[in-house]
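A.B. asks: generate a structure from the sequence data that follows.
(4 chains, ligands or ions: 6)
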There are 4 protein chains.
Amino acid sequence: MHNTIEKATGKLGILTPGLGAVATTLIAGVEAVKKNLAQPVGSLTQMGNIRLGKKSENRNPKIKDFVPLADLHDIVFGGWDVYSDNVFEAALNAKVLEPMLLHAVRAELEAIKPMKAVFDQAYIANLHGDNVKQAATKADLAKAVMDDIENFKEANDCSRVVLVWCGSTEIYLEPSAVHQTLASFEEGLRNNDPAIAPSMIYAYAALKLGVPFMNGAPNLTCDIPALIELAKQTDTPIGGKDFKTGQTLMKTILAPGLQARALGVKGWFSSNILGNRDGYVLDHPDNFKTKEVSKLSVLEDILQPETNPELYGEIYHKVRINYYPPAGDNKESWDNIDIFGWLGYSMQIKINFLCRDSILAAPLVLDLALFSDLAKRAGMSGIQEWLSFYFKSPQTESGLHPEHDIFKQLIGLQNTLRQLMGEEIITHQGQDFDQDLVEASL
Amino acid sequence: MHNTIEKATGKLGILTPGLGAVATTLIAGVEAVKKNLAQPVGSLTQMGNIRLGKKSENRNPKIKDFVPLADLHDIVFGGWDVYSDNVFEAALNAKVLEPMLLHAVRAELEAIKPMKAVFDQAYIANLHGDNVKQAATKADLAKAVMDDIENFKEANDCSRVVLVWCGSTEIYLEPSAVHQTLASFEEGLRNNDPAIAPSMIYAYAALKLGVPFMNGAPNLTCDIPALIELAKQTDTPIGGKDFKTGQTLMKTILAPGLQARALGVKGWFSSNILGNRDGYVLDHPDNFKTKEVSKLSVLEDILQPETNPELYGEIYHKVRINYYPPAGDNKESWDNIDIFGWLGYSMQIKINFLCRDSILAAPLVLDLALFSDLAKRAGMSGIQEWLSFYFKSPQTESGLHPEHDIFKQLIGLQNTLRQLMGEEIITHQGQDFDQDLVEASL
Amino acid sequence: MHNTIEKATGKLGILTPGLGAVATTLIAGVEAVKKNLAQPVGSLTQMGNIRLGKKSENRNPKIKDFVPLADLHDIVFGGWDVYSDNVFEAALNAKVLEPMLLHAVRAELEAIKPMKAVFDQAYIANLHGDNVKQAATKADLAKAVMDDIENFKEANDCSRVVLVWCGSTEIYLEPSAVHQTLASFEEGLRNNDPAIAPSMIYAYAALKLGVPFMNGAPNLTCDIPALIELAKQTDTPIGGKDFKTGQTLMKTILAPGLQARALGVKGWFSSNILGNRDGYVLDHPDNFKTKEVSKLSVLEDILQPETNPELYGEIYHKVRINYYPPAGDNKESWDNIDIFGWLGYSMQIKINFLCRDSILAAPLVLDLALFSDLAKRAGMSGIQEWLSFYFKSPQTESGLHPEHDIFKQLIGLQNTLRQLMGEEIITHQGQDFDQDLVEASL
Amino acid sequence: MHNTIEKATGKLGILTPGLGAVATTLIAGVEAVKKNLAQPVGSLTQMGNIRLGKKSENRNPKIKDFVPLADLHDIVFGGWDVYSDNVFEAALNAKVLEPMLLHAVRAELEAIKPMKAVFDQAYIANLHGDNVKQAATKADLAKAVMDDIENFKEANDCSRVVLVWCGSTEIYLEPSAVHQTLASFEEGLRNNDPAIAPSMIYAYAALKLGVPFMNGAPNLTCDIPALIELAKQTDTPIGGKDFKTGQTLMKTILAPGLQARALGVKGWFSSNILGNRDGYVLDHPDNFKTKEVSKLSVLEDILQPETNPELYGEIYHKVRINYYPPAGDNKESWDNIDIFGWLGYSMQIKINFLCRDSILAAPLVLDLALFSDLAKRAGMSGIQEWLSFYFKSPQTESGLHPEHDIFKQLIGLQNTLRQLMGEEIITHQGQDFDQDLVEASL
Ligand SMILES: NC(=O)c1ccc[n+]([C@@H]2O[C@H](COP(=O)([O-])OP(=O)(O)OC[C@H]3O[C@@H](n4cnc5c(N)ncnc54)[C@H](O)[C@@H]3O)[C@@H](O)[C@H]2O)c1
Ligand SMILES: NC(=O)c1ccc[n+]([C@@H]2O[C@H](COP(=O)([O-])OP(=O)(O)OC[C@H]3O[C@@H](n4cnc5c(N)ncnc54)[C@H](O)[C@@H]3O)[C@@H](O)[C@H]2O)c1
Ligand SMILES: NC(=O)c1ccc[n+]([C@@H]2O[C@H](COP(=O)([O-])OP(=O)(O)OC[C@H]3O[C@@H](n4cnc5c(N)ncnc54)[C@H](O)[C@@H]3O)[C@@H](O)[C@H]2O)c1
Ligand SMILES: NC(=O)c1ccc[n+]([C@@H]2O[C@H](COP(=O)([O-])OP(=O)(O)OC[C@H]3O[C@@H](n4cnc5c(N)ncnc54)[C@H](O)[C@@H]3O)[C@@H](O)[C@H]2O)c1
Ligand code: NA
Ligand code: NA
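C.D. replies: Residues are numbered from 1 along each chain as shown, chains lettered A, B, ... in the order given. Ligands and ions are numbered 1, 2, ... in the order given. Here you go, the predicted structure:
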């Protein structure tokens, strides 16, 4: 079966709409890794192992040695931004990585200059850049992006390209009529329908060309029927929404643990302070709304109040994001979790996560780029639910609840890889040992 | 297959060596639950559900409705302690539950008076009670315990009995010659060999009678070849060691999450403050040693430094337990975790768990009693690895690494139950969705 | 001089507009203290000592034994509220004190029924009670309150009365024309001027009768020229605003400490979660605004950025209050303080205060009532700056910066008492010891 | 009076026994400040202001502009260490300051090479250096140190010298017979009495020459009658013990605040993690004992349980220091404080201080050096209690309790400076305002 996967030969172009903190941290990081200056920690594709066969077989290859992924040396980066700073300048501004490190890959970063963005302040009030495309209609803008992609591919001699949205969070939009079919969407492009946000234009352009598109922000973007339709039409993988980092990552680790133990939850209060540009954009209530919706669904889907009303029927869940410049990119989260145990006695868990937002996000972009390229070569099209592992608010086939439990997401991802490569699926069934015991005893 | 499981008819006696904070919280709680005054939160057998079949089938029965467990109304409690307080008095002293609640079940608790203990201060320096058996040899003491069990069973009209060790933590002992075979152990009993701790005498007595024995403390107790041999001989389930609550519970939830994301760990500092009798016993270095060993192994087994030396090769792991009387039974833990991500950048996670020790432990005793009774009726003998979920330091067939990841432990437990009842094993394979996608795409 | 202070003979009526969490905790507490069931911890008048003379004299009387204060047994409580629950019911609802304690003073609490309130939802949107006075004009309402006070005094045989505002926080109001003179204010009362909030009507009524008025909420209330004028006219003490408890208390303790060491501050983020009625009222942005203004001024006044711009010139200070019902009255605050030291190196202080809001506030009400009664008897009228110790946002003679440093506030309070009683002022001058050393060496 | 203070003309030599983390951070920092690369934050002498006269006078000069202190440009550094690394190498090893900063002052640092130490492993087991003096008797060693000081003074053309002990913490010693008089001490020097620790030999040498000696570690050192006698004989200032930084600093800020509010304290648990050489030395129980004694006394002296037994009579106070290498010099402390308020209801304060040990300590060394030099010039000899502000365990004239409240310590320090310069002492008496109010009202 795996011999049907196309080889990862030639260069892979990774293009990001948005060359801000996350994207520049990714790019500088990959260049540093290529020079052996640092390790790609946090990237499953680069550092993670996968167990194959029985525990006793002791087969644990690195994932990158198991599935045919693009090699880091074959990657070429590019992108769009509303600011015209090159990647070196943008990375310095972002203040994520130490200047010393950036200087070590300065030439590579300076060479990457953002293409003009599809942008409209109506969707992000707190940004003011002028590296922006001008055109009469959204359809023209989409065309311009397609040209950008084709030109980049040619200029950089790429055999394949993928797009990962690393742009700011747009204002909250509900799916509406124009999003329902590809036809209505394309009409909307021509009519400049306000329900079509810039991010959707990039997604449309990519999918039209059969280029995989992954969405790291909580915007709808490709999570609308019209673009799912297009993805299927052009055999293209899509995925989203919102990189799962920081506080939400912790939530999807911890909540399954509480549930495992049948411990009740009566409140979960989450506060965040962050001081980077992302925080500044989210300081606007319309943009925060988009993020809030993405962050809130997580608990319910994991704890299943309907199955367990006595334990999870009355959770008060609140999420706050506070713009606090002294924190810079060092986002800090504070969770207070009110749980209860035996006879209803209450307890509290308090978690203070001193994280670095872009440090956590960058390797996810890399993995998503490499895995979506793999999916394309393996002929998997449409929504890639096996990549739910990476998202706060995983896109699913309509009607299905997303899986938020990070441990189940990981098993799903690994079993997908095993199946792709013709390896046996692992069940954790009876942990080998019980298996024997159970058999022995019956 | 499940028709081979004996029915849970008649009364089940739950006997605990040690009627301290945990055991009295269990007993008072079950009595309160029987009177509908409170809920048995934290008990998987009582509150937990199990998913059967495909996700779309929507079959999620409560575990107690799925497997044939003893009903709470059929349980009779008893136990041994070195102090002669009845369970009402002991529960009041323990200061775990509110006096009001204890008064509501006062009659039931007062009726339970501890049998005389097998005890020797050489193994627990900080205890001074006089409700203690006197006999010439350890063999005689074992005999006396067997008589206690038989008498209790008859007096209370029980069809089955189980023992769960809820006594204090004994001093650190390494397995030695006398523990290697049943023969040498029985000789040791007759010779008063100092390597045979009181807890081992209870375990021996139980197993000799075919009574399941579970160990909630970190003592060796039944984790020695001699008693494993005896368990097999008498077809009896055994399990241990050390109830997994509080900080270690959090560790086995969090560590798999960090590993899932390929995040590195360079230090983990764990501090605890607690002020109950358990804390006082652990204030003695010899007894702390036993607990420390139990708490330290967890990380290594989950993070697998040998497979991933770049991420986990140099973890500095330290655990401290501090006796601090103002905390009473409200154990409080504080963890500082030094992690690193993309390019080695460091981050910190700080967790402050304001827990209640006995509130977390009591439901585990209940589950272990009910599941070990089930195992006995299902003919499963020896070490019950599928109950690893409940232990800090799970007993395994010699030579095997224990599984510490709580999520894998839970899948193991659930699949064992499914298999016992003739249900299909669940694989989380491709999460249903991927399955289809993958198939569709190949 | 102190022989000019009138004796505290006869009964003292303490009337509170607002019989919510704080007021009922005060009342129940004083009754419990009178029955020797508990101690008035947190009350300087009852538990605090004051050092007199030189350190070596060893004179440290309790404050209540030093200055002539009303005795707890001579206090009678009363009040107004928009809800008609008696104090027993209101205290149960507030869920601050344990039911058992409330039952022990049930008769005393049930006897206190709230008088009809002066209330208008325009000032507090989140309250819906109907125990409300109806009248044509605000002047009539003021008259009705005066009648209430006179009637209460007579019915309870009081020789003196004081009022302490324990009502909810009203919406944010800026001082405007109608507040400038007593004449314009009285005209406003007749005209139903919307700039006159209910709390001002109570304050006006009290001052008109020469009854001291203290304001525990951040509302303007008596902090307007018109009422300061009236206070002087009728020789009446006034004070406010906003009881200093919880997070702000910590701030006025910690900030002077940082400044003492010349440590810089670049950010201070304060978050609060609370779930009581106070929290629900503050969940409305108009009411939060009033609280926020009160909480924000503190740091600047202590750290004096203008004197020390290098250390305090660029502090980013943010305060959040989050309504979170699971917390109930157990307000919890979390502060993150970004400081810097030698060569600008940064450090962080994180404070998590698990406080009980009304437990901290109740003794302040008692002290303010007793001290304002003392002030009245000592002939001290107008703003009582020596009581700044109790307020988040101390009222001062116009033009003066308030003193926020709690240590200087305390020295001020104590020296005022010493001076009233003809004792020597204490200077901490040279700490006795240096004094000698310095003299010796010159 | 201040015209009797000698001018600070000529160069001041600051010599530190111990050129480890603290001392090298001081030296590198002063050099960086001299080059305008950074600011001496945390140093009261350099950054602090002092209020003179009435508040309304608005006189707030910097301390360094008010009293005649040595200028930073007139300082020359030197010292002793058991390791022979020069200050540049030692500073790099200490990992406190960024390499980039150290390189900017590399030449200055490399020029400072440690003189051979007076050292004996019997007093510090965890150190193994060989830059150590050899001599037959401790008297000879003292002589050698005196020679070092004289030579340094001459070689560097200094008009004055001071010593500040920045060496490691020695093992715990109780004052014994040999420490009682100068005569017995000098005999002990000749006899190699084991009760004379290396730090005492440095102190003796300095005092003999009339050179001020300040002790930053918790060792006894100059806190013995023999050396106090010598200090008076030679008109020399002395002071100690143990720089007040980090957790203890916080304690002396917070405890006075709780006491101000008459809040009770029932427990205070303090844990620390640190991973530098200081932490490694303190990992040895004998050395930890010295530190522990120094840290524990603080609370009692501030809260005065004897005056207020209901509030402070039963505090359980515990301090732990844990060696944890991942923390490096970034010491982290965690305090849990169990307090109680109105009616005895309990609350908790949790403080997590992410501090940098040497960053907090370095400016204290500078201040102590400059102030002790000032004291010498002003003719103040013996114990300088006005410098209590800087010490965890301030040395006092025998029989007196030390003052630990940092706010009273600061007032003492400032009033000493005011008095030295002929300025009015400030009383915070009635905060100006009350004064008027009170006067007005009597
Ligand atoms: N941990 C994380 O960092 C994290 C986690 C989850 C999601 N995200 C999301 O990832 C995105 C990127 O985060 P970041 O920290 O890099 O933010 P950032 O603000 O540093 O960078 C975003 C960049 O996108 C650009 N941009 C905005 N609209 C654009 C458009 N229409 N076309 C081209 N460029 C556009 C902006 O100018 C900016 O430079 C955000 O949406 C954020 O919410 C980040
Ligand atoms: N969360 C938890 O509470 C938790 C978690 C893991 C393990 N444990 C372990 O569970 C055990 C019980 O904890 P606890 O909090 O109830 O402690 P506890 O001190 O309150 O109770 C233990 C009781 O055992 C009795 N005992 C000691 N030796 C005995 C003997 N030889 N025979 C009979 N009785 C004996 C003691 O007198 C005491 O009453 C301890 O070993 C503890 O380490 C508890
Ligand atoms: N630590 C503290 O609890 C604290 C600290 C500072 C300030 N405060 C302030 O003290 C006040 C009381 O706090 P609380 O916790 O008791 O609140 P609460 O909501 O429990 O009680 C306030 C009561 O005032 C009543 N009220 C409102 N407007 C009124 C009116 N016009 N006339 C009569 N009654 C009226 C309400 O019905 C309510 O019962 C609030 O303003 C609060 O902001 C409290
Ligand atoms: N915040 C703080 O850093 C702080 C606070 C209070 C007290 N202190 C104390 O200050 C002292 C210095 O702290 P540090 O962090 O620089 O420690 P450090 O271990 O980095 O440096 C101490 C140096 O002293 C040297 N030394 C030890 N004995 C000596 C001797 N007899 N003669 C000469 N040199 C000797 C050691 O070799 C070492 O280089 C310690 O005693 C520490 O306990 C530090
Ligand atoms: Na500790
Ligand atoms: Na918040």
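
A.B. asks: how about the biggest strand by length in chain A, does it reach ligand 6?
C.D. replies: Scanning chain A for the strand with the most residues, using DSSP state E, yields strand A:264-274. Yes: applying CB under 5 Å from the ion, one finds strand A:264-274 touching ligand 6 at residue A:271. Placement of C-beta: from N, CA and C, glycine included.

A.B. asks: so what does that strand touch, helix or strand wise?
C.D. replies: Counting contacts by 3 or more CB pairs under 8 Å, 6 or more residues apart in numbering or on different chains; DSSP states H and E, strand A:264-274 is packed against helix A:246-260, helix A:285-303, helix A:309-312, strand A:316-323, strand A:332-340, strand C:264-274, strand C:316-323.

A.B. asks: quick one: contacts of the helix or strand that it is followed by?
C.D. replies: Downstream of strand A:264-274, the next assigned helix or strand under DSSP states H and E is helix A:277-282. Applying CB atoms under 8 Å, 6 or more residues apart in numbering or on different chains, the external contacts of helix A:277-282 come out as A:20-21, A:94, A:124, A:126-127, A:168-169, A:287-288, A:291, A:321, A:323-324, A:327, A:331, A:357.

A.B. asks: please repeat the previous calculation with a cut-off of 7 Å.
C.D. replies: A:20-21, A:124, A:126-127, A:168-169, A:287-288, A:291, A:321, A:323, A:357 (CB atoms under 7 Å, 6 or more residues apart in numbering or on different chains).

A.B. asks: quick one on the thing from earlier: got the CA positions of the longest strand of chain A in CSV?
C.D. replies: This file holds the C-alpha atoms of strand A:264-274, laid out as CSV (Å, rounded to 0.1, in the frame of the first residue of the first chain):
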residue,chain,number,x,y,z
GLY,A,264,-15.7,16.1,38.8
VAL,A,265,-15.0,19.6,37.5
LYS,A,266,-17.1,22.6,38.6
GLY,A,267,-15.0,25.5,37.2
TRP,A,268,-12.1,26.2,35.0
PHE,A,269,-10.8,29.7,34.8
SER,A,270,-8.1,30.5,32.3
SER,A,271,-6.2,33.7,32.1
ASN,A,272,-3.4,34.6,29.7
ILE,A,273,-1.0,37.5,29.5
LEU,A,274,0.9,38.2,26.3
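
A.B. asks: what about it, near ligand 1?
C.D. replies: No: using CB under 6 Å from any ligand atom, strand A:264-274 never reaches ligand 1; the gap is at least 8.8 Å.

A.B. asks: partner strands of that strand, with direction?
C.D. replies: Strand pairing for strand A:264-274, using DSSP bridges, gives strand A:316-323 (parallel), strand A:332-340 (antiparallel).

A.B. asks: from the ones you listed, which stretch is densest packed?
C.D. replies: Among the strands paired with strand A:264-274, strand A:332-340 has the highest mean neighbour count (mean count of other CB atoms under 10 Å in any protein chain shown), at a mean of 23.

A.B. asks: mean confidence for the longest strand of chain A?
C.D. replies: For strand A:264-274, mean pLDDT is 95.

A.B. asks: now it and helix A:285-303, what's the angle there?
C.D. replies: Here the directions of strand A:264-274 and helix A:285-303 differ by 150 degrees (axes from the mean of the first three to the mean of the last three CA atoms, to 10 degrees).

A.B. asks: so what touches strand A:264-274?
C.D. replies: A:247, A:258, A:299, A:303, A:311-312, A:314-322, A:324, A:327, A:331-340, A:357, B:41, C:269, C:271, C:273, C:322, C:324, C:326, C:336.

A.B. asks: same question for stretch A:149-165: list its buried residues.
C.D. replies: Residues of stretch A:149-165 classed as buried by neighbour count (16 or more other CB atoms under 10 Å in any protein chain shown): A:149, A:152, A:153, A:158, A:160, A:161, A:162, A:163, A:164, A:165.

A.B. asks: report the mean per-residue pLDDT for the helix or strand hosting the first one.
C.D. replies: The reference is to residue A:149. Using DSSP H and E, residue A:149 falls within helix A:138-155. For helix A:138-155, mean pLDDT rounds to 98.

A.B. asks: the residue of the stretch 101-250 of chain A found nearest ligand 5: what's it in contact with?
C.D. replies: Nearest residue of the stretch 101-250 of chain A to ligand 5: residue A:250, at 23.5 Å (CB to the ion). Taking CB under 7 Å, 6+ apart as the contact definition, residue A:250 lies against A:335, A:351, A:353.

A.B. asks: any chance of the residues you listed in TSV with distance to ligand 1 and pLDDT as columns?
C.D. replies: Output for the contacts of residue A:250, formatted as TSV (distance: CB to the nearest ligand atom, whole Å; pLDDT from 0 to 100):
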residue	distance to ligand 1	pLDDT
A:335	16	97
A:351	17	97
A:353	12	96
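
A.B. asks: distance of residue A:17 relative to residue A:114?
C.D. replies: Distance of residue A:17 to residue A:114, given as CB to CB, to the nearest Å: 10 Å.

A.B. asks: more neighbours: which of those two?
C.D. replies: Using other CB atoms under 10 Å in any protein chain shown, the more surrounded residue of residue A:17 and residue A:114 is residue A:17, with 34 against 23.

A.B. asks: for the more buried one, name its beta-bridge partners.
C.D. replies: Residues in beta-bridge contact with residue A:17 (DSSP bridges): residue A:80.

A.B. asks: right, and it touches residue A:80 too?
C.D. replies: Yes: Residue A:17 lies in contact with residue A:80 (CB atoms under 7 Å); the separation is 4.9 Å.

A.B. asks: packing partners for the helix holding residue A:149?
C.D. replies: Where contact means 3 or more CB pairs under 7 Å, 6 or more residues apart in numbering or on different chains; DSSP states H and E, helix A:138-155 is packed against strand A:11-17, helix A:182-191, helix A:198-208.

A.B. asks: which other residues reach the first one?
C.D. replies: When contacts are defined by CB under 7 Å, 6+ apart, strand A:11-17 is touched by residues A:23, A:70, A:74-80, A:149, A:152-153, A:156-167, A:199, A:202, A:369, A:373.

A.B. asks: now the longest one
C.D. replies: In this structure, residues lying in contact with helix A:198-208 by CB under 7 Å, 6+ apart are A:17, A:118-120, A:123, A:138, A:141-142, A:145-146, A:149, A:163, A:165, A:167, A:170, A:213, A:219, A:221-222, A:227, A:230-231, A:234, A:236, A:238.

A.B. asks: what is the distance between the following helix or strand past it and the centre of its chain?
C.D. replies: Going down the chain from helix A:198-208, the next helix or strand is strand A:213-215, by DSSP H and E. With CA atoms, centre = their mean, to the nearest Å as the basis, strand A:213-215 stands 7 Å off its chain's centre.

A.B. asks: is any part of strand A:213-215 close to ligand 1?
C.D. replies: No: judged by CB under 6 Å from any ligand atom, strand A:213-215 and ligand 1 are separated, with a smallest distance of 9.1 Å.
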